[in-house]
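1. Below are the sequence and a predicted model; questions follow.
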Amino acid sequence: MPAAERTPQTLYDKVFQAHIVDEKLDGTILLYIDRHLVHEVTSPQAFEGLEVAGRKVRRPDCTLATTDHNVPTTSRKALKDIASFIKEDDSRTQCVTLEENVKKFGITYFGLSDKRQGIVHVIGPEQGFTLPGTTVVCGDSHTSTHGAFGALAFGIGTSEVEHVLATQCLITKRSKNMRIQVDGELAPGVSSKDVVLHAIGKIGTAGGTGAVIEFCGSVIRALSMEARMSICNMSIEGGARAGMVAPDEITFEYLKGKPLAPKYGSEEWDRATTYWKSLQSDPDAKYDVDVFIDAKDIIPTVTWGTSPEDVVPITGVVPDPETFSSEAKKAAGRRMLEYMGLVPGTPMEEVVVDKVFIGSCTNSRIEDLRAAALVVKGKKIASNIKRAMIVPGSGLVKDQAEEEGLDKIFVEAGFEWREAGCSMCLGMNPDILSPKERCASTSNRNFEGRQGAQGRTHLMSPVMAAAAAIAGKLADVRKISEFNGSPHIEAAIAPESTTSSGPSASEKPEDSSPQVNTTVTRTGGAAAAGLPKFTILKGIAAPMEKANIDTDAIIPKQFLKTIKRTGLGTALFYEMRFTEPGVENPDFVLNREPYRSSKILVCTGANFGCGSSREHAPWALNDFGIKSVIAPSFADIFFNNSFKNGMLPIAIKDKDDLDRVHAEAVAGREVEIDLPNQLIKDADGNTLCAFDVEEFRKHCLVNGLDDIGLTMQMEDKIAEFERQMSRETPWLDGSGYLKRKGAGGKLAVKAAPVPMTNRGDVKKEPLEW
Ligand SMILES: CC(C)[C@H](C(=O)O)[C@@H](O)C(=O)O
Ligand code: SF4
């Protein structure tokens, strides 16, 4: 797969190029996916789709599943099975459904009784499932985390999860190249989280739209793998499709001995590292966007508002919206301050906190816990702190921390020591904020209601969250005297990660159980049809005037627990639509006539659909009856997800054009979208403006084509690509407990389910499922 060098290429170009199965004239690309991570929230509908169509999982050896979002983080000592452990009905259904699906489709799965269970973005790297130069996807926006290895890793929606399960490929387009270079040396107390918060503050939450960000520069090179993961993790908050760091000796060192990485010292390891070393951007490679950051400008950073771009140094004050550049920004700022319960001019260090959460896929790894423990050691949390939680990212992180005695440091200080999961990052499980509670959080999103309805989130690094717990308010970790903060906190505390990754491949018993790749026996699923056709759409258009409408606002977390695609219309814009359950907010546009029957949404603010990869957002719009959203720009995943559901998102950049359409919406008149002619018209048929749409997407919409069926017609090309991959990068055919049997071109994949649990005596314990 190593590509011969031609025109100068970036790291992204190289990895992307090496995975092209097919390219159409209009630039539509069929991209091969090496690694697919699966969790319980975004997979049920995908498996259901496979089953209905009689399709099987093409590469179980390249697929790894776990439960993380819904799982309680309380003690698992009394755990019998997930069905009796999870009390909340919908959460239980989602987790049990995943367990049924992994059995049915023969996928390796880490359940709650397995120490390798954890947040999907923590376990992939930990197991060596994530490798340099690979393409990695998951039905989850923070898949960008894995880019720290020089992988092209991005979040996808549920329809795409189904597409990858069925074909191991995705239909996509090239992204732009963006480079964020961070040079210099980080000052004491400044960690990778501050770097990424600072960068997002600089570029904005739409700054990376349509691009893959390569993080480089002397600061990035000096960071540990875990610190790099925290940075790539939040690329999505900067609007980017993915973030990447070129692999180097730090990367290789991290991968040595990981169960699913090539065996260190083997010929395969040498071959792999030779290839990985070639994955550097060429010196004269071109970037579409270049951003430079001087490390000395970065000081410990916290957020003040409800978007990750609302950052301020801890030494700063709550900003005054009246100083913002436009009326729209002023209005948004006022709303944020009201929601956050903050007054302009208040020093950030005087903002009193109720809860502290150290966890999430951004900051729940062993180095994060070590760093926080250094701050906390020998101290007590402040008396006003109602609850402070440490939630390790995986069972293995938890074990490692306990081995080092970190749990004792935290517990003595007054923290709760929890089991692995997403926890309070998004409150889909019992860990939530109560209304108006303020949280110092190491997670990645501070959207309204994110950690619990009306909860108030301030994002920050683990050492800053630890400092807030001790001080009882937002605090500058550098002022906590005993904290001998060092440059690159994570790297300095843990020069080498010692987290064990469970039994290594060689320690594992040979898998001898018969495999279940093709349990679903219905056939005839390759037909390329299935969606309603979209040609002309005429109807009422609802006006909205807000920027950065995130997917958490379109459909809040509590409605993600469904295992169906339908019925979400009632939950659309829930927090804005209802003042309390069943009571409509009369001011919200969709509660007014004639907008109750809208088929179109016209939004004048940019970056519609930012945030999570939840396809529930387009499903909710669709179920409500809205088949098209018109806005100046969209977040990539939402945009993509809409097409997969036969919906048409239209980006209108020209302000006058958009204003004309918006005026019709405000007047309550019908608007017509003519897709074949790419025109938007008023109710009388007069053209308001033209719009662009990619040829392939238009073809699928107009003809109601299901793109999984289309891709399956490319079987010969996919199989040929896999044969070539087995020859050139054999380490990518499942290894270790995912060993692909019958390689060498045949698709006789024998995926290995986890042959045992990983608690206690691995040889004697029963099958995980
Ligand atoms: C549930 C999932 C779709 C979602 C995401 O994609 O990000 C979640 O992980 C989140 O952080 O909001
Ligand atoms: S962002 Fe939060 S909810 Fe989403 S995967 Fe990461 S930890 Fe889980």
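-> The structure has been received and is ready for your questions. Ligands and ions are numbered 1, 2, ... in the order given.
2. okay, and for the chain, where does confidence drop off?
-> 1-5, 481-529, 740-769 (pLDDT under 70).
3. at 80 instead, please
-> For the chain, the stretches flagged by pLDDT under 80 are 1-6, 481-530, 735, 739-769.
4. which parts of it sit against ligand 1?
-> Proximity of the chain to ligand 1, by Cβ under 6 Å from any ligand atom, involves residues 41, 42, 69, 140, 141, 142, 155, 426, 560, 612, 613, 614. In short, each C-beta sits where N, CA and C put it, glycine included.
5. Could you dump those residues into a markdown table and include neighbour count and distance to residue 547?
-> Listed next are the residues of the chain next to ligand 1 as a markdown table, based on neighbours: other Cβ atoms under 10 Å; distance: Cβ to Cβ, whole Å:
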| residue | neighbour count | distance to residue 547 |
| --- | --- | --- |
| 41 | 30 | 27 |
| 42 | 26 | 26 |
| 69 | 25 | 27 |
| 140 | 29 | 24 |
| 141 | 29 | 19 |
| 142 | 29 | 22 |
| 155 | 24 | 21 |
| 426 | 25 | 22 |
| 560 | 25 | 24 |
| 612 | 31 | 17 |
| 613 | 30 | 20 |
| 614 | 28 | 20 |
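6. From the residues you listed, which land in strands?
-> residue 155 (DSSP state E).
7. Show only the entries of the residues of the chain next to ligand 1 found in helices.
-> Members of the residues of the chain next to ligand 1 lying in helices (criterion: DSSP state H): none.
8. show me where the stretch 551-700 of the chain has helices.
-> Counting by DSSP state H, counting those that start in this stretch, the stretch 551-700 of the chain has helices at residues 551-554, 574-577, 616-624, 636-644, 655-666, 695-703.
9. With the stretch 101-250 of the chain instead?
-> Counting by DSSP H, counting those that start in this stretch, the helices of the stretch 101-250 of the chain are 120-127, 158-167, 192-203, 218-222, 225-233, 249-255.
10. Can I get those in TSV including mean neighbour count and distance to ligand 2?
-> Below are the helices of the stretch 101-250 of the chain laid out as TSV (neighbours: other Cβ atoms under 10 Å; distance: least, Cβ to the nearest ligand atom, whole Å):
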stretch	mean neighbour count	distance to ligand 2
helix 120-127	28	6
helix 158-167	26	14
helix 192-203	26	13
helix 218-222	19	21
helix 225-233	29	8
helix 249-255	19	20
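11. of those, which approaches residue 56 most closely?
-> helix 158-167 (7.7 Å; Cβ to Cβ).
12. the inter-axis angle of that closest one versus helix 616-624?
-> Per axes from the mean of the first three to the mean of the last three Cα atoms, to 10 degrees, the angle that helix 158-167 makes with helix 616-624 is 110 degrees.
13. out of everything not next to it in sequence, what's closest to residue 407?
-> Leaving aside its chain neighbours, residue 407 sits nearest to residue 417 (4.7 Å; criterion: Cβ to Cβ, 6 or more residues apart in numbering).
14. measure the one you found to residue 381 for me?
-> Per Cβ to Cβ, to the nearest Å, residue 417 is found 13 Å from residue 381.
15. if I pick the closest residue to residue 409 other than its chain neighbours, what's in contact with it?
-> Of all residues not flanking residue 409 in the chain, residue 373 sits nearest, at 4.6 Å (Cβ to Cβ, 6+ apart). By Cβ atoms under 8 Å, 6 or more residues apart in numbering, the contact list for residue 373 reads 406, 409, 410, 466.
16. sorry, back to before: could you dump the helices of the stretch 101-250 of the chain into TSV and include distance to residue 318?
-> As requested, the helices of the stretch 101-250 of the chain are exported to TSV (distance: least, Cβ to Cβ, whole Å):
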stretch	distance to residue 318
helix 120-127	32
helix 158-167	39
helix 192-203	15
helix 218-222	28
helix 225-233	25
helix 249-255	38
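17. Which among these is found nearest to residue 695?
-> Short answer: helix 158-167, nearest of the helices of the stretch 101-250 of the chain by Cβ to Cβ, at 19.2 Å.
18. list the helices and strands the closest one packs on?
-> Using 3 or more Cβ pairs under 8 Å, 6 or more residues apart in numbering; DSSP states H and E, the elements in contact with helix 158-167 are strand 35-38, helix 44-53, strand 135-138, strand 169-172, helix 636-644, helix 707-712.
19. Now the closest residue to residue 206 other than its chain neighbours: phi and psi?
-> Nearest in space to residue 206, with sequence neighbours left out and distances taken as Cβ to Cβ, 6+ apart, is residue 607 at 4.0 Å. The phi/psi pair for residue 607 (degrees, to the nearest 10) reads phi 60, psi 40.
20. again with residue 543
-> Torsion angles, degrees, to the nearest 10, at residue 543: phi -90, psi 140.
21. was I right about it contacting residue 600?
-> No - using Cβ atoms under 8 Å, residue 543 is not in contact with residue 600, being 9.9 Å away.
22. the more surrounded of those two?
-> Neighbour totals were compared for residue 543 and residue 600, and residue 600 leads with 27 against 20 (other Cβ atoms under 10 Å).
23. give me every residue that touches that one.
-> Taking Cβ under 8 Å, 6+ apart, one finds 537, 539-542, 626-630, 665, 671, 673 in contact with residue 600.
24. Closest one to ligand 1 out of those, please.
-> residue 629 (18.7 Å; Cβ to the nearest ligand atom).
25. ok, and the closest non-adjacent residue to that closest one?
-> residue 601 is the one closest to residue 629 (Cβ to Cβ, 6+ apart), at 4.6 Å.
26. Now do the contacts for the one you found.
-> Taking Cβ under 8 Å, 6+ apart, one finds 541, 542, 544, 621, 626, 628, 629, 630 in contact with residue 601.
27. Return the closest of those residues with respect to residue 9.
-> Using Cβ to Cβ, these come closest to residue 9 at residue 629, 34.8 Å.
28. What are the phi and psi values at the residue at the greatest distance from the centre of the chain?
-> In terms of distance from the mean C-alpha position of the chain, residue 684 ranks first, at 43.3 Å (Cα atoms, centre = their mean). Main-chain torsions, residue 684, degrees, to the nearest 10: phi -90, psi 0.
29. Quickly note the distance from it to ligand 1.
-> Note on residue 684: its distance to ligand 1, by Cβ to the nearest ligand atom, to the nearest Å, is 41 Å.
30. how near is that residue to residue 594?
-> For residue 684 relative to residue 594 (Cβ to Cβ), the value is 17 Å.
31. Excluding chain neighbours, what is closest to the residue of the stretch 251-400 of the chain found nearest ligand 2?
-> Per Cβ to the nearest ligand atom, residue 361 is where the stretch 251-400 of the chain lies closest to ligand 2, at 3.3 Å. Nearest non-adjacent residue to residue 361, counting by Cβ to Cβ, 6+ apart: residue 121, 4.0 Å away.
32. show me the contacts for the closest residue to ligand 2 within the stretch 501-650 of the chain.
-> The minimum distance from the stretch 501-650 of the chain to ligand 2, using Cβ to the nearest ligand atom, falls at residue 612 (6.9 Å). Residue 612 is in contact with 140, 141, 155, 445, 550, 551, 552, 637, counting by Cβ under 8 Å, 6+ apart.
33. What about residue 713, how many residues nearby?
-> Residue 713: 11 neighbours (other Cβ under 10 Å).
34. cool, and residue 75?
-> Neighbours of residue 75 using other Cβ under 10 Å come to 10.
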